[in-house]
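Asks: 3D, please:
(2 chains)
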There are 2 protein chains.
Amino acid sequence: MNPHSPVKRGYVRPLNLRDGQVEMAHGAGGRAAAQLIEELFVSAFDNPWLRQGNDGAAFVPALAPGERMVMATDAHVISPLFFPGGDIGSLSVHGTVNDVAMNGARPLYLAASFILEEGFPLADLKRIVASMARAAREAGVAIVTGDTKVVERGKGDGVFISTTGIGVVAAGIDTGGHRARPGDAILLSGSIGEHGVAILSQRESLEFETQILSDSAALHKLVARMLEVAPGLRVLRDPTRGGLATTLNEIAGQSAVGMLIEEAAIPLQAQVEAACELLGLDPLYVANEGKLVAICAETDVDALLDVMRAHPLGRHAARIGSVIEDNHGFVQMQTRFGGRRIVDWLSGEQLPRIC
Amino acid sequence: MNPHSPVKRGYVRPLNLRDGQVEMAHGAGGRAAAQLIEELFVSAFDNPWLRQGNDGAAFVPALAPGERMVMATDAHVISPLFFPGGDIGSLSVHGTVNDVAMNGARPLYLAASFILEEGFPLADLKRIVASMARAAREAGVAIVTGDTKVVERGKGDGVFISTTGIGVVAAGIDTGGHRARPGDAILLSGSIGEHGVAILSQRESLEFETQILSDSAALHKLVARMLEVAPGLRVLRDPTRGGLATTLNEIAGQSAVGMLIEEAAIPLQAQVEAACELLGLDPLYVANEGKLVAICAETDVDALLDVMRAHPLGRHAARIGSVIEDNHGFVQMQTRFGGRRIVDWLSGEQLPRIC
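Replies: Next up is the predicted model:
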């Protein structure tokens, strides 16, 4: 803590992290804001960049020849803020770390900006910030800079968190959505639908025999292993909002190819399947927060599935289909009953505020 | 535009940018979201990174030996969204460009994340995005990646925009708040209080003889000129929320020094002074969005004031005081009447949602 901070001067009492609330003054840039930043954020995210107290953080990314940097950003507005398997804090780290990782990069630094609603309990904010700090530590990324704003009661919804990540892509790696080619294999790192079903169950107060947990997790270490054995990996993308169906349609569009997937090959927990039936959801469109789609040459399939299955976040990895020629960019699915159907983009909204 | 985008397939009608509204589906990650991104954001921010359509942007920052990168982030929740001299779009570019510039860096890339409220008019969103695009173009920075979320009516307030900027600091430059030393001079790039007074006048529907405009502007080109003539410049900071008083207190705290400023030397438009009296505001605490404080060695003062006054954004630059020894880190002001008073941190909230 800064020895000359307005807090240490003894002018103000420590934040009441048990019963206190977010006040408009916490966003006004004065003493109360400085106090919130020091006592809540800097102490949780503890690192030299934040301790410097400047409006930004400096670093030297140490790029080797041929390496590139990647920047990715995500706003998080999930409701409820706390859910089985995570909360908006851990999600805001995982979401952006994964966006960076899907670019084939190792994530280095995060920036975080908070929009708080007046009256939000400081105890909840503390829990969220602690969860963010833990997720960042586990992922090996530092939250090096941030910002906090406060809006009046009824003009926000508790907490929104935007995170931006920076990472480095090794020379020769390119996992952009334009690189899928007919004949490539489509791999999926695990079962689909847990995140969306966990959130919706919580919203609807549904109870299942065992609780369905969000799969929210940071995928960059799995990605690093995959790129070691298959540096020519063509495409990586995490099927978040809009689910697997939307992600495949995006890639098909970017690469101007078709896809053919097999319903029976797509990992799906029996419980999630049951919950989707109950809730009237198609698991293909339900958000995931700890899964990835990888598209690769046929020759890379075995090596990739081996390293994926050896990693805790890829245990149930499977080949779910192939890239085919199709000028229309359609995604088709061989159903369990033997027919084929078009798997279209998500139309309308299936699950609002899922991330 | 992506030739295989869901929009071009003819499945959907173009966005109604005249009478349409933001819908929950625009945040759901499916076709409506893709359409909003393509027709509104990508077309306005037009650049190769966004056109690639990946969840992130790759670039090679071309760092020379000794150069560092800087990352800064800001959430923008200003109300009203449109104000004399700018709007949330231009402000969200200027605010973050300035945070990057205050680190002594040349800004390169921006990431932007939007939190939209259901029902917000698409025509207003289009205006905001166009204004952002213009501000970014004028500043010479590219908005390379982004994200859009939608919250239900009554859970947001029109539009919130978080921007994160990346820039490069030349070797040997360090403008952090810890570098002020007793004997240094305190320079200010121009008159204070315009941004805050412009916003508050709009909120209160006050009318003055001539309209007071926000000073919202990107300061990085001015900073570049200043660093050319004074690479040893000690501290740069923009006095935004909390105003000049809070910024000086922050720096005094970081550097463990005192400051003595002269009220008569602080540039202040007569009209802003009058408005502050009417509104019961102390201009020292009113936010600016196009001004900077520079702290430098006595030997750099003349050269700096020369280049500042030669630049459109520094025409009224002035030396407003000196850094002094003070273990308590107090900022004192010699008033117009000859006395001295402590200029403390902003306590409580003066102007909510000013940026």
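
Asks: and for the residue of the stretch 101-250 of chain A found nearest chain B, the neighbour number?
Replies: Closest to chain B within the stretch 101-250 of chain A is residue A:241: 2.7 Å, counting by Cβ to the nearest Cβ. Where you see a C-beta, it was placed from the backbone N, CA and C, and this is true even at glycine. Neighbour count for residue A:241, taken as other Cβ atoms under 10 Å in any protein chain shown: 28.

Asks: grab the nearest non-local neighbour of it.
Replies: Nearest residue to residue A:241 in three dimensions, chain neighbours excluded: residue B:29, at 2.7 Å (Cβ to Cβ, 6 or more residues apart in numbering or on different chains).

Asks: and the pLDDT at residue A:247?
Replies: You'll see residue A:247 listed with a pLDDT of 96.

Asks: since we're on the spatially closest residue to residue A:327 that is not a sequence neighbour, how many residues are nearby?
Replies: Once flanking residues are discounted, residue A:327 sits nearest to residue A:256: 7.4 Å by Cβ to Cβ, 6+ apart. Neighbour count of residue A:256, defined by other Cβ under 10 Å: 16.

Asks: can you give me the strands for the stretch 201-350 of chain A?
Replies: Using DSSP state E, counting those that start in this stretch, the strands found in the stretch 201-350 of chain A span residues A:235-237, A:258-262, A:293-296, A:318-324, A:331-334, A:340-342.

Asks: now the fifth one: average pLDDT?
Replies: Same thing as strand A:331-334. When pLDDT is averaged over strand A:331-334, the result is 98.

Asks: quick check: residue A:330 touching residue A:342?
Replies: Yes - Residue A:330 lies in contact with residue A:342 (Cβ atoms under 8 Å); the separation is 5.6 Å.

Asks: and the next helix or strand past the host helix or strand of residue A:150?
Replies: Using DSSP states H and E, residue A:150 falls within strand A:142-151. Following strand A:142-151 in sequence order, the next helix or strand is strand A:159-169 (DSSP H and E).

Asks: give the partner strands of that following strand in its sheet and their orientations.
Replies: Within its sheet, strand A:159-169 is paired with strand A:68-76 (antiparallel), strand A:105-117 (antiparallel), according to DSSP bridges.

Asks: who are the packing partners of the next helix or strand along the chain from the last one?
Replies: Proceeding N to C from strand A:105-117, the next assigned helix or strand is helix A:122-139, under DSSP H and E. With contacts defined as 3 or more Cβ pairs under 8 Å, 6 or more residues apart in numbering or on different chains; DSSP states H and E, the packing partners of helix A:122-139 are helix A:43-45, strand A:86-87, helix A:88-102, strand A:105-117, strand A:142-151, strand A:159-169.

Asks: relative to strand A:105-117, how tilted is the third one?
Replies: Orientation check (axes from the mean of the first three to the mean of the last three Cα atoms, to 10 degrees): helix A:88-102 against strand A:105-117 gives 150 degrees.

Asks: number of residues surrounding residue A:348?
Replies: Using other Cβ under 10 Å: residue A:348 sits among 11 other residues.

Asks: and it, what does it touch?
Replies: For residue A:348, the contact set (Cβ atoms under 8 Å, 6 or more residues apart in numbering or on different chains) comprises B:25, B:28, B:30, B:32.

Asks: on that earlier part again, shouldn't the residue of the stretch 101-250 of chain A closest to chain B be in contact with residue B:33?
Replies: Yes - between residue A:241 and residue B:33 a contact is recorded at 7.5 Å, counting by Cβ under 8 Å.

Asks: mind listing the shared neighbours of these two?
Replies: Overlap of the contact sets of residue A:241 and residue B:33 (by Cβ under 8 Å, 6+ apart) consists of residue B:27.

Asks: before we move on, back to that, of the contacts of residue A:348, which are in range of chain A?
Replies: B:25, B:28, B:30, B:32 (Cβ under 8 Å from any Cβ of the partner chain).

Asks: how many other residues sit next to the closest residue to the third one other than its chain neighbours?
Replies: The spatially closest residue to residue B:30, leaving aside those adjacent along the chain, is residue A:346, at 2.8 Å (Cβ to Cβ, 6+ apart). A total of 26 residues lie near residue A:346 under the criterion other Cβ under 10 Å.

Asks: more crowded one of residue A:330 and residue A:342?
Replies: More crowded of residue A:330 and residue A:342, by other Cβ under 10 Å: residue A:330, with 19 against 10.
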